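[1] Whatever this is, show me its structure:
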Amino acid sequence: MIIIIITTAACSSPAPVDSRPLGTVTAPPVECGLLSSQAIGRAIGLDNFYASGSTSANNFSHCVISKSPSIRDKASMTVELHNPFPSTIQSLENGKARDRGVTLPNGVGPGYSAAIVGKDGSIVGAKAFAWTPDGAKVLAIQIVKGAPGRDHRADAIEFARQLRPLLLSSTRG
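    Residues are numbered from 1 along each chain as shown. Coordinates of the predicted model:
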């Protein structure tokens with residue numbers, strides 16, 4: 001008598017990598033008066049999220065995005081405009097060194113980007129800081145809980161690239 005044993009292993013395939021471009025980060029519909037709902041959703045991996053902060057593009061100061069309005073749900077993403085920035089360019093450069101930051105690409109800087117590292121040492125997000133040449137205004141983007149499989153640093157840099165001319169121009173505020 002021959003006994004045949006067939007075993008099947010349950011395989012879980014990794015989550016698909018979303019490598020689609022963010023698109024125009026100010027395309028409607030928008031959150032906080034300025035930021036594209038689609039671009040935010042793509043960066044953080046959520047279709048439904050809660051955004052609070054500024055209410056118009058003309059007076060934009062900040063936007064905080066989380067899973068829900070509950071204080072238990074920490075921010076997944078923040079975008080902040082510091083105008084005026086209450087410190088110095090040297091403090092920004094010190095932050096770059098502390099964060100092990102990389103200079104932003106040409107046309108996006110001055111500024112830097114850096115990974116956000118979780119308690120276990122894994123990369124959980126990224127941040128990008130861009131500022132005016134005199135350091136008077138600073139744009140800070142942090143994607144703290146980015147979508148699985150996305151290049152969080154590239155997303156933070158893309159937000160900075162597109163928002164820079166709108167928020168850091170010399171004619172604005």
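[2] residue boundaries of the helices in this structure?
    Secondary structure of the chain (DSSP state H): helices at 37-44, 89-98, 152-167.
[3] so how far is Arg153 from Arg98?
    17 Å (CB to CB, to the nearest Å). Where C-beta positions appear, they are placed from N, C-alpha and C, glycine not excepted.
[4] returning to that earlier point: could you export the helices of the chain as JSON lines, including mean neighbour count?
    As requested, these are exported to JSON lines (neighbours: other CB atoms under 10 Å):
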{"stretch": "helix 37-44", "mean neighbour count": "22"}
{"stretch": "helix 89-98", "mean neighbour count": "14"}
{"stretch": "helix 152-167", "mean neighbour count": "21"}
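[5] Can you say which of the ones you listed is nearest to Trp131?
    Of all these, the one in closest proximity to Trp131, counting by CB to CB, is helix 89-98 (6.0 Å).
[6] Mind giving me the packing neighbours of that closest one?
    Using 3 or more CB pairs under 8 Å, 6 or more residues apart in numbering; DSSP states H and E as the contact test, the elements touching helix 89-98 are strand 111-117, strand 123-131.
[7] In a markdown table: the ones you listed, plus mean neighbour count and distance to Gly149.
    Formatted as a markdown table, the entries for those read as follows, by neighbours: other CB atoms under 10 Å; distance: least, CB to CB, whole Å:
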| stretch | mean neighbour count | distance to Gly149 |
| --- | --- | --- |
| strand 111-117 | 20 | 15 |
| strand 123-131 | 22 | 12 |
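[8] Would you mind putting the helices of the chain into CSV with distance to Asp18 and mean pLDDT alongside?
    What follows is the helices of the chain, written out as CSV (distance: least, CB to CB, whole Å; pLDDT from 0 to 100):
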stretch, distance to Asp18, mean pLDDT
helix 37-44, 7, 96
helix 89-98, 28, 95
helix 152-167, 10, 96
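[9] a markdown table for the ones you listed, including distance to Asn58?
    What follows is the helices of the chain, written out as a markdown table (distance: least, CB to CB, whole Å):
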| stretch | distance to Asn58 |
| --- | --- |
| helix 37-44 | 19 |
| helix 89-98 | 26 |
| helix 152-167 | 10 |
